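*Asks:* show me how the following folds:
(one chain, ligands or ions: 1)
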Amino acid sequence: MLKKCLYPVAGYGTRFLPATKSMAKEMLPVVDKPLIQYAVSEAMDAGLVQQSFVTGRTKRSIEDHFDISYEVENEIKGSSKEDQLSEIREIRENCVFTYTRQREMKGLGHAILTSEPMIGDEPFGVILADDLCITEGDSVMKQMVGLYKQFRCSIIAIEEVPKEETYKYGVIAGEQFQDNLFKVKDMVEKPAPEDAPSNMAIIGRYILTPDIFDYIRETKPGAGGEVQITDALLAQAKNGCVMAYKFKGKRFDCGSLHGYVEATNYCYNKFHDPSE
Ligand code: UTP
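*Replies:* Predicted structure coming up:
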C-alpha cells in the first residue's frame, strides 16, 4: 500500500536569495498559500497521508506550518477568516508528519537516502514542492498512484520541454508503452541540447520502490559531489523497470523567479476573486 510521501526540502534555494537566506524556499507563498502546502494537499488527494520531510537548518517554519498555531487560531475564531485555515486544518487532521535533517546538502539522491529510516521497506511518493502542478481533475500524484497500482514499479513524471532547455533537467529516452507512458531505457542528467536523448524532462514527482535506497547507496557522487537520483533510477531501470509518465496538468518551476511569478499570476487569476 502506498501511504507515504517524501518531501526533500533541504536545498539552499540560492536562486531566491536574499529571500531564502534564513527562510525556507518551500514556504514562499503562491498568492496566499506556501508551496509546501500545495504539495501536501496534492499527496493527500492521492491518499498519501504519512508526510515525511528531509529538512535542513533554515527549514523549521515548515514544521510550524503543519502544527497548531494557538494564538492566531484563537484570534480569528468564529470569524470568516477561519475559512482561510480550512485546508491546513484538514491536512492536520488527516495526516501524520515526520521530519529528519540532511546535515550536508549532497544532492537529491542523498536527501532521499537520508529518508530511509522514515520510509522503511515500502513504496513511496516524492514531491519536490518547487515544481507546482495544477490540474483540472486528479492531482498529478493521484494519476501516478493509479499507474503504480497497475505496474508496481517506480514511476517518474515527465514533461516535454523545448530542446534548448534540456540542460536544466534529467532527460529520458523511452520506449512508448501506451498513451503518455514510456518504459525508461536511458536517462541523462542536465544534458546539453545536442546530447539530450529526447525532450522528455523529469519533473518533481516520483513514486519509488524501496530498492531505490540500495541503488542510491551504490551511486557515485557526480558533479559538485552531489548524488543524483537520476543515476540511481537509471540503474533501477536497467535491472528492472521504471516507467515515465507524461502527466495531465500544468507545471510551474517555482524554483526559478520566472516560473514563480508565472505561477503566482496563474493561480491568482484561476483561484481568486479580483474584487476581494
Ligand atoms: P534544487 O536543485 O532545486 O536546489 O533541488 P535548491 O537548493 O533547492 O535550489 P537552488 O538551485 O539553490 O536555487 C531540487 C530539490 O531537491 C532538494 C531541494 O530542496 C529541492 O526540493 N534537495 C536538493 C535536497 O533536499 N537536498 C539536497 O542536497 C539538494
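*Asks:* with adjacent residues omitted, what lies nearest to the residue of the chain found nearest the ligand?
*Replies:* Residue of the chain nearest the ligand, by C-beta to the nearest ligand atom: G11 (2.4 Å). The C-beta positions use only the backbone N, C-alpha and C, and glycine is treated the same way. Nearest non-adjacent residue to G11, counting by C-beta to C-beta, 6 or more residues apart in numbering: M105, 6.3 Å away.
*Asks:* what about the one you found, how many neighbours?
*Replies:* 16 (other C-beta atoms under 10 Å).
*Asks:* quick check, it in contact with T58.
*Replies:* No: checked against C-beta atoms under 8 Å, the pair M105 and T58 is beyond contact range at 11.2 Å.
*Asks:* can you pull the residues of this protein lying near the ligand?
*Replies:* 8-15, 25, 54, 102, 105-108, 110-111, 128, 130, 255 (C-beta under 6 Å from any ligand atom).
*Asks:* switch the cut-off to 8 Å
*Replies:* By C-beta under 8 Å from any ligand atom, the residues of the chain that approach the ligand are 7-16, 20, 25-26, 54, 56, 102, 104-108, 110-111, 128-130, 204, 226, 255-256.
*Asks:* among these, which lie within strands?
*Replies:* Of those, the ones assigned to strands by DSSP state E are Y7, P8, V54, G204.
*Asks:* just these now: which is nearest M141?
*Replies:* G204 (10.6 Å; C-beta to C-beta).
*Asks:* dump the residue contacts of the closest one.
*Replies:* V126, I127, L128, A129, D130, D131, A157 (C-beta atoms under 8 Å, 6 or more residues apart in numbering).
*Asks:* redo that, cut-off 10 Å
*Replies:* 7-8, 39, 108, 126-133, 140, 156-157, 251, 253-255 (C-beta atoms under 10 Å, 6 or more residues apart in numbering).
*Asks:* number of nearby residues for the nearest residue to L108 once chain neighbours are set aside?
*Replies:* Spatial nearest neighbour of L108, excluding adjacent residues (C-beta to C-beta, 6+ apart): I229 at 4.8 Å. Counted by other C-beta under 10 Å, the residues lying close to I229 total 28.
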